[in-house]
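> return atomic coordinates for the entry below.
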Amino acid sequence: MNIFTHADFDHHEQVVFGSDEASGLKAIIAIHNTRLGPALGGLRIYPYASEEDALSDVLRLSRGMTYKSALANLSLGGGKAVIIADPRRDKTPELLRALGRLVDSLGGRYITAEDSGTSEADMRVIAEETAWVSGIRQATEESGDPSPFTAHGVFIALRCAVRHRLGRDDLSGLRVAIQGVGHVGAELARRLKEAGAELVLADVNPENVDALARELDARVFSPDEILEAEVDVLAPCALGGALNEAVCERLKAKVIAGAANNQLATPESGEILHRRGILYTPDYVANAGGVIEIAFQRQKDYRRADVLAHIEGIEATLDEIFLRSQREERSPAWIADRLAEERFRD
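Numbering: from 1, shown residues only. Below you'll find the model as predicted:
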């Protein structure tokens with residue numbers, strides 16, 4: 001497997017492969033950039049079809065964390081960890097401790113946290129082996145699971161995008177399609193329902209989506225059908241790559257704002273959306289609430305109000321991106337990348 005010529009390699013500072021025969025650990029940690037501080041990024045446990053798929057995912061996700069932290073005004077770099085395993089079948093305390101030892105061997109260059117397939121309880125097990133872990137509830141019980149904070153940031157981003165594209169602040173009657181109703185997607189759905197939005201939901205887990213649909217009086221589509229739903233806003237909150245070029249040509253939504261990482265399958269996808277007049281909210285700006293919460297957890301004097309105030313800053317960042325997009329006639333995705341690079345490369 002060639003790293004330096006890999007399509008998703010972006011001058012990453014370090015890529016570490018770790019294994020542990022006793023626990024079955026097969027992991028990759030990618031550190032993209034530490035110019036602004038240590039690399040922070042979650043641990044994803046997923047049954048990748050191949051090592052190549054796992055490497056592509058960790059390289060793309062770690063790069064995204066660099067850009068996310070830069071635009072969230074955090075003194076952090078970007079990193080990510082993946083374990084090739086099925087979290088429902090293969091996740092054991094031994095596996096997590098082995099990952100903790102791998103993280104610890106990096107001496108603080110990488111800080112891990114929750115992501116798909118992991119939980120706060122898992123972080124506590126990893127913390128038995130390393131101090132370089134976050135996403136653990138503090139004594140105040142105000143912090144811990146970053147999902148509600150991520151959802152809060154996405155809600156702010158969605159509301160901002162609606163104001164720019166649709167010219168309205170009120171979300172009442174707004175038709176929103178949410179693809180993926182895990183911890184973040186479900187919390188976002190509840191916030192939107194409370195704001196008066198009409199919801200269409202989709203998820204690969206029928207039981208989860210059906211229960212939430214009953215709770216919120218929402219319609220249910222399949223994960224593929226929802227991409228072409230007749231709605232005002234599409235919120236991708238599942239895995240990345242859902243917005244490929246073919247999908248972008250067929251979308252009916254006028255605004256895209258969701259929690260998923262790496263929503264655009266290719267840079268051209270963003271250009272198609274821009275050409276069609278669909279306002280794309282850069283994912284790593286919209287979903288930064290969780291990483292902001294995790295960053296604040298590592299401060300000695302944690303205050304929830306400070307976290308929420310910092311997350312509110314997502315709106316000002318998006319205002320700048322959307323206005324520059326109009327002025328320079330470039331897609332918001334392109335503008336967001338340039339703005340982030342101005343911060344972490346200077």
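> CA atoms for contacts and neighbours, from now on please.
Fine.
> all strands of the stretch 101-250 of the chain, in order?
Along the stretch 101-250 of the chain, counting by DSSP state E, counting those that start in this stretch, strands occupy 110-111, 175-179, 198-202, 219-220, 233-236.
> okay, those strands, which one's buried deepest?
Between the strands of the stretch 101-250 of the chain, strand 110-111 has the highest mean count of neighbours, a mean of 28, where neighbours are mean count of other C-alpha atoms under 10 Å.
> run me through the strand neighbours of that one, direction for each.
strand 39-40 (parallel) (DSSP bridges).
> need the pLDDT of the closest residue to Leu212 other than its chain neighbours.
Nearest non-adjacent residue to Leu212, counting by C-alpha to C-alpha, 6 or more residues apart in numbering: Ala186, 7.3 Å away. Per-residue pLDDT puts Ala186 at 97.
> tally up the residues packed near Ala186, please.
Residues lying near Ala186 (other C-alpha atoms under 10 Å) number 22.
> verify the stated contact: it with Ala211.
No: the pair Ala186 / Ala211 is not scored as a contact, 10.5 Å apart, by C-alpha atoms under 8 Å.
> does Arg88 belong to a helix, a strand or coil?
Following DSSP: H, G, I helix; E, B strand; the rest coil, we place Arg88 in the coil state.
> number of nearby residues for it?
Counted with other C-alpha under 10 Å, residues neighbouring Arg88 total 11.
> how far is the lowest-mean-pLDDT helix or strand in the chain from where the chain is centred?
In the chain, no helix or strand scores lower on mean pLDDT, DSSP states H and E than helix 289-297, which sits at a mean of 91. Chain-centre distance of helix 289-297: 12 Å, with C-alpha atoms, centre = their mean, to the nearest Å.
> ditto for stretch 46-65
That offset, for stretch 46-65, works out to 14 Å (C-alpha atoms, centre = their mean).
> repeat for stretch 233-252
Chain-centre distance of stretch 233-252: 15 Å, with C-alpha atoms, centre = their mean.
> try stretch 270-289
For stretch 270-289, the distance to the chain centre is 14 Å (C-alpha atoms, centre = their mean).
> in that stretch, what's buried?
270-274, 278-289 (16 or more other C-alpha atoms under 10 Å).
> residue ranges for the helices of the protein, please.
Assigned by DSSP state H, the chain shows helices spanning 51-71, 93-104, 120-126, 147-166, 183-194, 206-216, 245-250, 267-275, 283-286, 289-297, 304-312, 314-328, 332-344.
> what's the first one in contact with?
By that I understand helix 51-71. Residues outside helix 51-71 that contact it (C-alpha atoms under 8 Å, 6 or more residues apart in numbering): 1, 8-10, 12, 28-33, 36, 39-41, 48, 75-82, 84, 261-262, 284-285, 288, 291, 317, 337, 339-341, 343-344.
> thinking again about what came up before, closest one to Ala238 among the helices of the chain?
helix 183-194 (8.0 Å; C-alpha to C-alpha).
> residue ranges in the stretch 51-200 of the chain under the pLDDT threshold?
Applying pLDDT under 70 to the stretch 51-200 of the chain flags the ranges 138-144.
> and this structure, what are its domains?
Domain assignment for the chain by automatic domain parsing gives 14-67+75-126, 147-288+313-344.
> between these, which one is nearest to Asp306?
That would be domain 147-288+313-344 among these, by C-alpha to C-alpha, at 11.1 Å.
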